[in-house]
Structures are given as structure tokens and as C-alpha cells.
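Enquirer: Sharing a sequence plus its predicted fold:
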Amino acid sequence: MKAKILLKCLSLSFMILLATTAFSQQKVTGTVIDETGGGIPGVSVSVKGTTQGTITDGEGNYSLNVNGANRTLVFSSIGFLTQEVAVSNQSVINITIVEDAQSLDEVIVTGYSITNKKESTAAASIVKAKDLQQIPSGNVEQQLQGRVAGLTVITNGQPGTASIIRVRGFGAFGGNEPLYVVDGIPVGSIDYVSPDDIASTTVLKDAAAASIYGARAANGVIVITTKQGTKGKRGVQVSYDGFVGFTDPNVGGQPQMLSPQEQADYTHIAYRNNAAANGTAPQYTHPQYGNQAQATLPDWLHANGQNGVRGAIDRAAIDAAQAADPENVFLFAPNRAGTDWYDAITRTGLLMRHGLGFSGGTESSRFYMGINLQDQAGILLNNDFKRYTFRMNSEFDLGKRVRFGENLQLTYRTVRGQIGGNNGLGVADNESQILSAYRMPSTIPVYDEYGNFASTKAAGFNNPRNPVRERENQRNDGNFSLFLTGNVYAEIEPIKDLVFRSSLGGNVGNFAYRFYSYRYLGDSEPQASNSFGEGSGYNLGWTLTNTAQYKFN
């Protein structure tokens, strides 16, 4: 007997150890200094392969929670060499980073010129394409997180939803959104750009670097330059970029809900506490848990209008009533094991991106063509995002002093089952299904005895709605868009070092959406009718830019 008890204790201890290891979170602190011993502010400290990150304060100090011991911290800052340190079991990691002499030759792309860092006094940060690709995401905005000091990226994680980016903080003049410029064309967002097509990204933080854009640049500018071919006699170069990954909704654990009996017990404890505060005898009036001090679960939560039924029911009569009026008659017993509502509405999401690139050129021309597919399944049921892009960039020499080129991209996006207004950004203003999953009592089952959704038709559980039903109802909700953007340009060099450039660019696109809402009478606040909505629209914009540039040493 003692051996069995010891074996059980060891097994339990082993399970607890595994659970602790699986969901461990380690806090790492430290200081980043330069070769003179001074603390460096604004250094990006990120967990390799994730979106976790922070920046150092004015004295070079940082603090970061790291999930799992087998992680690597990446320290990066403009003008310094990037360094990586394995966390292991360290709680304090101090590091000295050294200057990167080659970074002074990095190219800065502004609205009106291309220069290098050593010749520029502007506050500009460059993010290379290889640095973006370290983050396993198909969204360029999320890949910028932790890569630029002072850049804030907020995302709700919902597939197909644009992120909120702040370059110069919050509460700035004229709003907070930065200006996005792709190949010289101002655009409303960069969520349509495939990361595989990007050559470099420059974040302009001050007016000196962004002066050509005027008031639109008050909150900073994010300039993206896409890939180009290389002139010269060479064959076509073919490249492939892609990844496949999974999003696990249970990484890091989740809040544990009360069991049905625990919820009943705590409900009666609340009655006793309330009575003690008022100096009265406790009254147990919950319609489900009985009128005695010891709370009990009923045999039936709801039986065609009856709540908290104990004992036998006239099943034949209820079956006949349900056959005659299936929308109004429900019958369900408590799920004594407890319904895991969060698990019921989530899944492991597949995320993949595949891109093919073709580049080449001749002595008088160059080209780049990119084809990309991104397919992302969200962790919520019936929430998916797909994006297809086709990009074509080319340039031709029409003689020694005239050049002609174009940059074009065609994008098709589709999002299914998105929640929240403003294309998903407004989810915080709505009651999401994840919130419903924690409001729904675990004693209520997902389905009733007839295969219909069960919900708060059973009295005593306030007004949450069955989140599984809500996710199923959004199976056919969708947003669709087709978007063409780009520019054509010509450059003339009448004399050496003097270049006149004219660029005509713009974008044209259309979008459509649809949503359904279904009649359901099984909630405490029933939905009395079906509804359907759809809409569509288009947008059109163009930009004409003419510049003259004269550079000489």
C-alpha cells in the first residue's frame, strides 16, 4: 500500500514538474553598455523567433519576461553590431555591444533622395529584409516589432487585421498614424505588401528626413523599397522564400474556470456573505442550485420552460412539443464534468507563406517579378485569411541619359469570420467570443438533447451567448478586396549629375463584404429574426511627383 501511495506521489510530482516547465516564464534583466562602459538607451531586446521584445531605458537597463528556458535574446541598435545571447537559466544578462563601422554605409531612402547614413543627420532607422524575415509572420507590420527603437506595434493577433503602428508616440498633432510610402507612392497601409518582395525598410522619425511629405509626415514615415533586378548580362535568377508554422492557442496556459459544482458552492457562499453583511439569515434563491445551504446541481438545467428540475420529467411530452416548435423548445442537463468553452472555440492554426521571385537583366534593363501566397488560419473557429500578390518591377535605358521604369503590384485579399469593426481593429469595442467563453458557465453544455445549441435559456446565468454558436454563425461572413497599386516613372539626365525625374503613381481597388445573423431563441436575450448585410465600394487615388536632383562631390 505504501509503495502504491509513494508511486502516486512521485507521478503527481512529475506531472506538476512537467506542467511547471511547459508554462514557465522567466524574468530576465540586465544592462546594455558600449565599449566605454556607458549605458545605451533605445537598444532593441527581443526574443529570437517571436514578437516578444522591449527597449532599454535612458541608462541602458531592460527587463523582459521570457517564455521557456531554451530561448535566445537578440540585442540590436542602429550603428551597433547585432548580438545574440542564449538565456539558459540566467536571470541577469549584461552585455557590451560594439559599433558597426559598416552601418555608416547603409542606404537611407527618403522621399526625395537616396543617401547613406554617414552623410545624413536625420533620425532614420533602417531595417534590412533579412532582419524582417526572422519574425515568423506574413505581416510586415508585425515583423517591424522590436526592430526599431521607439517604434510601437500593437496587434490583436486576428488574421487579416492591420496593426496599429506609432513612430512618434501617441497623441501627436493631426492623429497618430504614420505615413506609409511604398516605392515612392503614399498608401494607407502596408498590410498588402509581401515580406518576400521587400528590399529595405526605412523609418523616418523627424521633419528633416520627411520634409517632402509636409504635414502628412508629422507622425513619422515608413518607407518601403521593393526588390529590383540587376543590370548586366546574366541569366534569370529564381528564388524561393517560405515557411510553415502553427499557432497554438494554449501556449503559456489559460485561465482555469470553476467546475460546475465549485461555481454552485461559491454562489451559495456569496449568499451567506451577503446575509452576514446585512445581518440577516441567508436565503438561497438561485434557480439552479437548490434552496439548502449545500448547493447541488439539478438533473435538468432547462426542460421546455422549467429551470433547475430535480427528478423525472415528461420526456414524451417535451419531445412532442419540440417536434411541433423546434425553435422554442430546449432540453439540456448540466455538464457535470464542465464545458471548456475556450477549448470549444479555438484550434491550432496553420500559418504558411510561399513566394517565388524571378530577377534578371541585360546591359540596358533589369526586372524583378514576385508571386506570393499567404494562408493563415486563426486560433478561433472559422477565422481565416488569404492573400495573393503579384509584383512586377522593371527599368529600361532609352539611351545613355534617359531611363523608364515601373513598379506594379496586384493584391487579392479575403478574410473570413473576422470580428470587430474597422476591419478587425475595433474588436476591443465589441464583446468577442473569447470574452463570451469566460462568461459562459461551465455547467452549460454546448448542445442540448436535440442537437441544438444550448445557452442561457436556463435561468440564473445572466446573458452571455453560446460562443460556439456565434463562431458557427460567422462561417460565411467575409471581406474581399482586389487592389492594384504602383507607378511609372521617367528619368532624364541632361548633364552629368543633374537628374530630372517624373513619376505618376496611384492605386485603384474595390472591396466587398457580407455578414449573416441568425434567429435564435435559446438565449436569455433571444434574437428574434434573421438578418443579412452586404456592401461594396471602390477607391481611386493618384500621385504625380516631379523632382530635380543635382549631386556632386
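Expert: Right, received. Where do you want to start?

Enquirer: At which residues are the strands of the stretch 151-300 of the chain located?
Expert: 152-154, 164-166, 179-182, 185-187, 198-204, 221-226, 234-247, 300-303 (DSSP state E, counting those that start in this stretch).

Enquirer: mind checking how far the third one is from the chain centre?
Expert: In terms of C-alpha atoms, centre = their mean, to the nearest Å, the centre of strand 179-182 is set 20 Å apart from its chain centre.

Enquirer: Run me through the strand neighbours of it, direction for each.
Expert: strand 185-187 (antiparallel), strand 221-226 (parallel) (DSSP bridges).

Enquirer: same deal with the last one?
Expert: When sheet partners are counted by DSSP bridges, strand 300-303 sits next to strand 306-309 (antiparallel), strand 331-332 (antiparallel).

Enquirer: what about the strands paired with strand 179-182, which gets the closest to Leu356?
Expert: strand 221-226 (14.8 Å; C-beta to C-beta). For the C-beta atoms, the positions are set from N, CA and C on the backbone; glycine is no exception.

Enquirer: now the angle between strand 198-204 and that closest one, please.
Expert: Angle of strand 221-226 versus strand 198-204, following axes from the mean of the first three to the mean of the last three C-alpha atoms, to 10 degrees, is 170 degrees.

Enquirer: Format the CA atom coordinates belonging to strand 221-226 as CSV.
Expert: Provided in CSV are the C-alpha atoms of strand 221-226 (Å, rounded to 0.1, in the frame of the first residue of the first chain):
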residue,chain,number,x,y,z
VAL,A,221,7.2,58.0,-42.3
ILE,A,222,7.8,54.3,-43.1
VAL,A,223,9.4,54.0,-46.5
ILE,A,224,9.5,50.5,-48.1
THR,A,225,11.6,49.8,-51.2
THR,A,226,10.8,46.6,-53.1
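
Enquirer: Show me which residues of it are buried.
Expert: With burial defined by 16 or more other C-beta atoms under 10 Å, the residues of strand 221-226 counted as buried are Val221, Ile222, Val223, Ile224, Thr225, Thr226.

Enquirer: Same list, those, but as a markdown table with pLDDT and distance to Phe511 please.
Expert: Below are the buried residues of strand 221-226 laid out as a markdown table (pLDDT from 0 to 100; distance: C-beta to C-beta, whole Å):
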| residue | pLDDT | distance to Phe511 |
| --- | --- | --- |
| Val221 | 85 | 26 |
| Ile222 | 87 | 23 |
| Val223 | 87 | 26 |
| Ile224 | 88 | 22 |
| Thr225 | 88 | 27 |
| Thr226 | 91 | 23 |
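
Enquirer: Disregarding residues adjacent in the polypeptide, which is nearest to Arg234?
Expert: Gly360 (6.2 Å; C-beta to C-beta, 6 or more residues apart in numbering).

Enquirer: so which strand or helix has the one you found?
Expert: strand 349-362 (DSSP states H and E).

Enquirer: Quick one: the helices in this structure, in order.
Expert: 2-22, 129-132, 140-143, 260-278, 315-324, 341-345, 433-439, 467-473 (DSSP state H).

Enquirer: Which strands and helices lie in contact with the second one?
Expert: The criterion is 3 or more C-beta pairs under 8 Å, 6 or more residues apart in numbering; DSSP states H and E, and the helices and strands that helix 129-132 contacts are strand 198-204.

Enquirer: Report the mean per-residue pLDDT for the strand it packs on.
Expert: The pLDDT scores in strand 198-204 average 84.

Enquirer: re earlier: out of the helices of the chain, which is closest to Ile40?
Expert: helix 129-132 (18.5 Å).

Enquirer: Only the buried residues of that closest one, if you could.
Expert: By 16+ other C-beta under 10 Å, the buried positions in helix 129-132 come out as Ala129, Asp131, Leu132.

Enquirer: Skipping adjacent residues, who's closest to the first one in space?
Expert: What that stands for is Ala129. Ile198 (5.2 Å).

Enquirer: same check, this time on the second one
Expert: Distances taken as C-beta to C-beta, 6+ apart place Arg147 nearest to Asp131, at 5.9 Å, with adjacent residues excluded.

Enquirer: Contacts only, for the residue nearest the centre of the chain.
Expert: The residue lying closest to the centre of the chain (C-alpha atoms, centre = their mean) is Gly157, at 2.5 Å. Gly157 sits next to Gly378, Ile379 when contact means C-beta atoms under 8 Å, 6 or more residues apart in numbering.

Enquirer: That one and Gln52: what is the separation?
Expert: 13 Å (C-beta to C-beta, to the nearest Å).

Enquirer: re earlier: residue contacts, the residue nearest to Arg234?
Expert: Gly229, Thr230, Arg234, Gly235, Val236, Gln237, Arg366, Phe367.

Enquirer: What of Gly60?
Expert: Contacts of Gly60 (C-beta under 8 Å, 6+ apart): Thr31, Val32, Ile33, Gly38, Gly39, Ile40, Pro41, Val43.

Enquirer: Can you go through these and name the buried ones?
Expert: Thr31, Val32, Ile33, Ile40, Pro41, Val43.

Enquirer: got a markdown table for those residues, with pLDDT and distance to Arg519 too?
Expert: A markdown table is the format used below for these (pLDDT from 0 to 100; distance: C-beta to C-beta, whole Å):
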| residue | pLDDT | distance to Arg519 |
| --- | --- | --- |
| Thr31 | 93 | 61 |
| Val32 | 92 | 60 |
| Ile33 | 89 | 65 |
| Ile40 | 84 | 61 |
| Pro41 | 80 | 58 |
| Val43 | 85 | 57 |
